[in-house]
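A.B. asks: pasting a predicted model and its sequence here:
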Amino acid sequence: MYRAVALAIWRAGIDLKDEEGISKICNSLNIRFIHEGNSVKLYLGEEDVTEAIRKPIIDLTASNISAIANVRKVVTRLQRKIGSQGPLVAEGRDMGTVVFPEAKHKFYLDASLEVRVNRRFLERQKRGESISREKVREDLIKRDYQDMNRRLSPLRPAKDAKIVDTTKLNPKQVVEKIIKEMEMKAQCLE
């Protein structure tokens with residue numbers, strides 16, 4: 001959702017220091033998720049922006065705007081509204097600490113820097129981008145630093161989150177590990 005806001009701000013040409021302009025955009029956005037077959041698409045107004053939000057410029061823009069109080073307030077309100085509509089799996093850098101602090105299950109996925117760099121590099125190559133692994137590494141380090149050191153809702157695991165090191169796991173193994181943790185937790189509560 002922060003990426004959708006970042007895309008709208010970037011397209012509008014609003015300076016990232018213009019908090020009033022950013023707030024105006026935030027308060028006028030219509031962001032929603034729509035299930036299409038087996039996938040979920042992110043819409044900004046009537047436009048499917050699922051792919052557009054994956055541009056490299058949006059990575060850093062999203063990180064920058066996520067430090068703005070009104071942006072966080074608007075996005076958190078939207079996220080909670082979606083969460084109130086029924087069970088969901090939410091991913092994001094403050095889901096367990098800020099948006100859904102009362103969630104029954106919280107997982108903090110992590111991996112070594114080099115594995116994360118490789119995953120992002122391959123993802124960007126698959127999208128047809130021409131980028132060096134070193135540039136991906138620099139961008140990832142910068143974004144992590146910004147997110148971990150922002151004043152509002154810094155990136156950190158929730159106190160009650162289970163930390164899952166995905167360094168040596170593929171996506172299927174990550175899901176299996178999470179499901180196993182949830183099943184173990186359910187058995188302990190019985």
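C.D. replies: That came through, no problem.
A.B. asks: stretch 84-98: end-to-end distance?
C.D. replies: Using CA to CA, to the nearest Å, the end-to-end distance of stretch 84-98 comes to 15 Å.
A.B. asks: what's next to it, contact-wise?
C.D. replies: Outside of stretch 84-98, the residues within contact range by CB atoms under 8 Å, 6 or more residues apart in numbering are 1-2, 66, 72, 76, 79, 82-83, 99-100, 103, 106-108, 147, 153, 155-158, 160-161. (Each C-beta comes from the backbone N, C-alpha and C, glycine too.)
A.B. asks: in what helix or strand does Ile34 lie?
C.D. replies: For Ile34, the enclosing helix or strand under DSSP states H and E is strand 31-36.
A.B. asks: and the next helix or strand after that strand, what's buried?
C.D. replies: Downstream of strand 31-36, the next assigned helix or strand under DSSP H and E is strand 39-44. The neighbour-count check on strand 39-44 (16 or more other CB atoms under 10 Å) flags 42, 44 as buried.
A.B. asks: tell me the strands beside strand 39-44, with direction?
C.D. replies: strand 31-36 (antiparallel), strand 47-48 (antiparallel) (DSSP bridges).
A.B. asks: how far does the lowest-mean-pLDDT helix or strand in the chain sit from its chain's centre?
C.D. replies: Ranked by mean pLDDT, DSSP states H and E, the weakest helix or strand in the chain is helix 56-65, scoring a mean of 86. Centre-to-centre, helix 56-65 and its host chain are 11 Å apart (CA atoms, centre = their mean, to the nearest Å).
A.B. asks: what's next to it, contact-wise?
C.D. replies: Under the criterion CB under 8 Å, 6+ apart, residues 2-3, 5-7, 9-10, 16, 22, 52-53, 71, 124, 129, 131, 139, 142-143, 146-147 lie in contact with helix 56-65.
A.B. asks: would you mind listing the buried residues in that helix?
C.D. replies: 58-59, 61-65.
A.B. asks: what about the contacts of helix 56-65, which are in strands?
C.D. replies: Residues of the contacts of helix 56-65 located in strands (DSSP state E): none.
A.B. asks: filter the residues you listed down to the buried ones.
C.D. replies: For the contacts of helix 56-65, a neighbour count by 16+ other CB under 10 Å gives the buried set as 2-3, 5-7, 9-10, 16, 22, 52-53, 71, 124, 139, 143, 146-147.
A.B. asks: which of the strands paired with strand 39-44 has the highest mean neighbour count?
C.D. replies: strand 31-36 (a mean of 13; mean count of other CB atoms under 10 Å).
A.B. asks: other residues contacting that strand?
C.D. replies: For strand 31-36, using CB under 8 Å, 6+ apart, the contacting residues are 1, 4-5, 40-44, 78, 82.
A.B. asks: identify the residues contacting the longest helix that the chain contains?
C.D. replies: If you go by DSSP state H, the chain has its longest helix at helix 171-189. For helix 171-189, the surrounding residues in contact (CB under 8 Å, 6+ apart) are 105, 107, 109, 162, 164, 166, 169.
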